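Peer 1: quick one, fold the following:
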Amino acid sequence: MTCQYVLLGDGRIVRLKGQGLIGLEEAEQVFQDFLANPQVQEHFGLLVDARQAWPSPSAAGLHSLSSLHGRLLGFRARRTALLVHDEAQYGLGRMFQILADLRGAEVAVFKDEGDALEWLERGLDG
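Peer 2: Residues are numbered from 1 along each chain as shown. Got it, this is the predicted structure:
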């Protein structure tokens, strides 16, 4: 029902948090909002916190999300970390990772927020 973002590390990382049911249109709008924010660095890491989002998307929904991710974020998002809470979400996150990889994006799935942030930072520093 809600999808919001906050900037971390002087705009180097965008933390996107979803709660409840997130539609494709809402996801697209929040992507466009943070991409238009002048405080977001030219190249940034994206942390997607899906721990409170439900229900999990279908396979077709994952294809749509990976297409949206590639179309809107393109080369600006150096890495995308998906933060999940259980094995079912982890499996769907890995499916998204594979689909995004086919589009040239670097995505990884995590259960620990600290690990996700560390991975994002390494991608920005290298």
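Peer 1: and residue 11, what is it in contact with?
Peer 2: 37, 39, 40, 41, 44 (C-beta atoms under 8 Å, 6 or more residues apart in numbering). For every residue, glycine as well, the C-beta is placed using N, CA and C.
Peer 1: try it again at 6 Å.
Peer 2: Residue 11 is in contact with 39, 40, 41, counting by C-beta atoms under 6 Å, 6 or more residues apart in numbering.
Peer 1: per-residue confidence at the residue nearest the centre of the chain?
Peer 2: Nearest to the geometric centre of the chain sits residue 48, at 3.7 Å (C-alpha atoms, centre = their mean). What the model reports for residue 48 is a pLDDT of 92.
Peer 1: buried stuff in the longest strand seen in the chain?
Peer 2: Using DSSP state E to assign secondary structure, the strand with the most residues in the chain is strand 44-53. By 16 or more other C-beta atoms under 10 Å, the buried positions in strand 44-53 come out as 44, 45, 46, 47, 48, 49, 50, 51, 53.
Peer 1: just stretch 16-33 next, same as before
Peer 2: 16, 17, 18, 22, 27, 28, 30, 31.
Peer 1: ok, and the closest non-adjacent residue to the last one?
Peer 2: Once its chain neighbours are removed from consideration, residue 31 has its nearest residue in residue 72; the separation is 4.6 Å (C-beta to C-beta, 6 or more residues apart in numbering).
Peer 1: coming back round to it: not counting the longest strand of the chain itself, show me its contacts.
Peer 2: 12-19, 22, 77-85, 116, 120, 123-124.
Peer 1: likewise stretch 64-78?
Peer 2: For stretch 64-78, contacts defined as C-beta under 6 Å, 6+ apart pick out 24, 28, 31, 43, 45, 46, 96, 99, 100, 103, 123, 124.
Peer 1: just put these in a markdown table and tack on secondary structure.
Peer 2: Converted to a markdown table, the contacts of stretch 64-78 look like this (DSSP: H, G, I helix; E, B strand; the rest coil):
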| residue | secondary structure |
| --- | --- |
| 24 | helix |
| 28 | helix |
| 31 | helix |
| 43 | coil |
| 45 | strand |
| 46 | strand |
| 96 | helix |
| 99 | helix |
| 100 | helix |
| 103 | coil |
| 123 | helix |
| 124 | helix |
